[in-house]
Each structure stands twice: as structure tokens, then as C-alpha cells.
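In: predicted coordinates and the sequence they were generated for:
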Amino acid sequence: MPHADDEPPILIRPGSPADRDFVIETARRFAAFGPPAWRSPQEIVAGEVRCLDDFFDGRLKGPALLIAEDGAALGFAFLEPAVDYFTGEKHAHLGMIAVTAEAEGRGAGAALMRAAEEWTRAAGYTTLTLNVFEGNRRARQVYERFGYQVETLRYVKRLG
């Protein structure tokens, strides 16, 4: 394994239609990271892919796609405009962030988090939100190291 100093720098660039296959394939990893027992991995992936298809097909207005790469694509972040339920304030929402298995632990996720925050500021927002499955402890620890705090907990009960 090369020493960190030997690895090419991680660059962030805007996503394009040419990234579609990479992004959708990388999004399939979400099923493995702590979904609740009542959500099947197929359901998780289908929801994320449906959103990404809407984005790539031009049915969503306002989202941004960021790609991390070092010569090869390493991961992506999908950001959306949102409105705070309590205040009505517009803010950014990090709808998805994922890196390839090979990119884990190499700084691509951190680079994408920093880029998401930069995008948020550049768009004129002062708040960035995100959701994470309760069981995804590793991601929760990363977000907390970046200064994110739990605001609400959503409870679900299946009734049928």
C-alpha cells in the first residue's frame, strides 16, 4: 500500500451526466450501513436511485452533485435546497454522501464533507443538515467529529 504522501491529492469537482453510472453504483452501498430491520436493502437502494434518476433526468431543480477523485472517482455528495420546518429558513441538506469501498479511510469522505460545507456557504445558506440511519454508528461518529449534532429522532411503527 502506498504511503499517504505518495497518493495523489483528492480533488472535488461538480458532477456531470457522465458520472451517473458511478454515482448510482456507489449509492448501492447505502443498504449496508445500518438500515432498520423493517427496511429492506432493496428498498433503501431503490429510494436513493429513484432520487438520483430524478436528478440526472432533470426532474429536480436546485440540487448539486460533487465528485471526489484522485484520477479515479472515489465518492460523491448530493446536496439539496431545503426549508427548516420550525423557522421556514432556507438551508442546504446533504441528501447523500458515499465513497467506494476502496476509498474508505483515505480522506475522500472528509473532503466531500468540507466541499459540502463550502457549497452551502457559497449558495448563501448558513445551515447544512443531513440524515443518517440510527444504526450507522461509524457515519454518526464522523458527522459528530465534524461538529454536527442530533436535532430530532424519528420514530416509526409499522401498523400492518
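Out: Yep, that arrived.
In: buried residues, stretch 87-98. List them.
Out: Buried residues in stretch 87-98, counted by 16 or more other CB atoms under 10 Å: 91, 92, 93, 94, 95, 96, 97, 98. All C-beta atoms are positioned from the backbone trio N, CA, C, and that covers glycine.
In: grab the nearest non-local neighbour of the second one.
Out: The reference is to residue 92. Among residues not flanking residue 92 along the chain, residue 120 sits closest, at 4.1 Å (CB to CB, 6 or more residues apart in numbering).
In: and if you look at the fourth one?
Out: Nearest residue to residue 94 in three dimensions, chain neighbours excluded: residue 130, at 4.0 Å (CB to CB, 6+ apart).
In: report the separation between the one you found and residue 80.
Out: Note on residue 130: its distance to residue 80, by CB to CB, to the nearest Å, is 10 Å.
In: and for those two, which residues touch both?
Out: 93, 95 (CB atoms under 8 Å, 6 or more residues apart in numbering).
In: what helix or strand does the residue nearest to the spatial centre of the chain sit in?
Out: The residue lying closest to the centre of the chain (CA atoms, centre = their mean) is residue 97, at 1.8 Å. Secondary structure from DSSP states H and E places residue 97 in strand 90-99.
In: for the record, mean pLDDT for that strand?
Out: Mean pLDDT, strand 90-99: 97.
In: sorry, back to before: who's in contact with the residue nearest to the centre of the chain?
Out: 75, 76, 77, 78, 109, 112, 113, 116, 130.
In: in helices, which of those fall?
Out: 109, 112, 113, 116 (DSSP state H).
In: distance of residue 66 from residue 155?
Out: Look at residue 66 and residue 155: by CB to CB, they are 32 Å apart.
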